[in-house]
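1. Sequence unavailable; structure follows:
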């Protein structure tokens, strides 16, 4: 079937929760360190220029290969308030395999698409930020020894926070998110040559989850 036993799911969620906590700690520490450096910088008598005007950016999330799949996206908006749209390769994530699969199962192509809003506490779409988002996920888990596949869809809502460090036209940002994945639908279908789908019922369940991300991008 498309889901682990309870013990394995608890372990997978434990890994996700620890990753969320680590991402949150790094983001907070990075933000605090930069803020402290700004406060302690010696005065030169020259008024620093404001953050350059930025209307948006494009980004990738390579940390997704260890979490719930890498993402690519674009963000646009004002100096502090932005919106983003992104896509996710769900079966490309290590934690996706731990959470969704058990022995004898493999992913078919699985993906997600999401929308996110953020508020930055500093101008220029940088610094500490908080936000929320929603994502649609579609997974396909194949059990080839009995020639069946389970197709599931989820709606994910989450809250997040983190820190973005600008580096000229480029930036790096760490964020941690906590959310809930609600299953919308699930069906068991036959793979080519199979006929046993009617003997199985999907067991995917809605889940609370935590995750972390590392966004590397450039402003435009």
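-> It's in. Fair warning: this is a prediction, and the values are worked out from it, not measured in the lab.

2. can you list the weak-confidence ranges in this protein?
-> For the chain, applying pLDDT under 70 flags the ranges 1-50, 204.

3. swap the cut-off to 90 and go again
-> 1-53, 98-100, 102-103, 202-207, 209 (pLDDT under 90).

4. how about the strands in it?
-> With DSSP state E as the definition, the chain shows strands at residue ranges 56-61, 71-77, 81-89, 105-107, 111-122, 126-143, 148-167, 170-190, 207-219.

5. Parallel or antiparallel, which strands does the shortest one pair with?
-> Strand 105-107 has the following strand partners under DSSP bridges: strand 126-143 (antiparallel).

6. Next: the third one.
-> In the sheet containing strand 81-89, the strands it pairs with under DSSP bridges are strand 71-77 (antiparallel), strand 111-122 (antiparallel).

7. thinking again about what came up before, among the strands of the chain, which is nearest residue 99?
-> strand 207-219 (7.7 Å; Cβ to Cβ). For every residue, glycine as well, the C-beta is placed using N, CA and C.

8. circling back: could you dump the strands paired with strand 81-89 to a markdown table with distance to residue 189?
-> Shown next, in a markdown table, are the strands paired with strand 81-89 (distance: least, Cβ to Cβ, whole Å):
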| stretch | distance to residue 189 |
| --- | --- |
| strand 71-77 | 27 |
| strand 111-122 | 18 |
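
9. Out of the strands of the chain, which gets nearest to residue 196?
-> strand 148-167 (5.9 Å).

10. just to revisit the earlier point, now tabulate the strands paired with strand 81-89 in CSV and tack on distance to residue 172 and mean neighbour count.
-> Output for the strands paired with strand 81-89, formatted as CSV (distance: least, Cβ to Cβ, whole Å; neighbours: other Cβ atoms under 10 Å):
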stretch, distance to residue 172, mean neighbour count
strand 71-77, 14, 19
strand 111-122, 15, 17
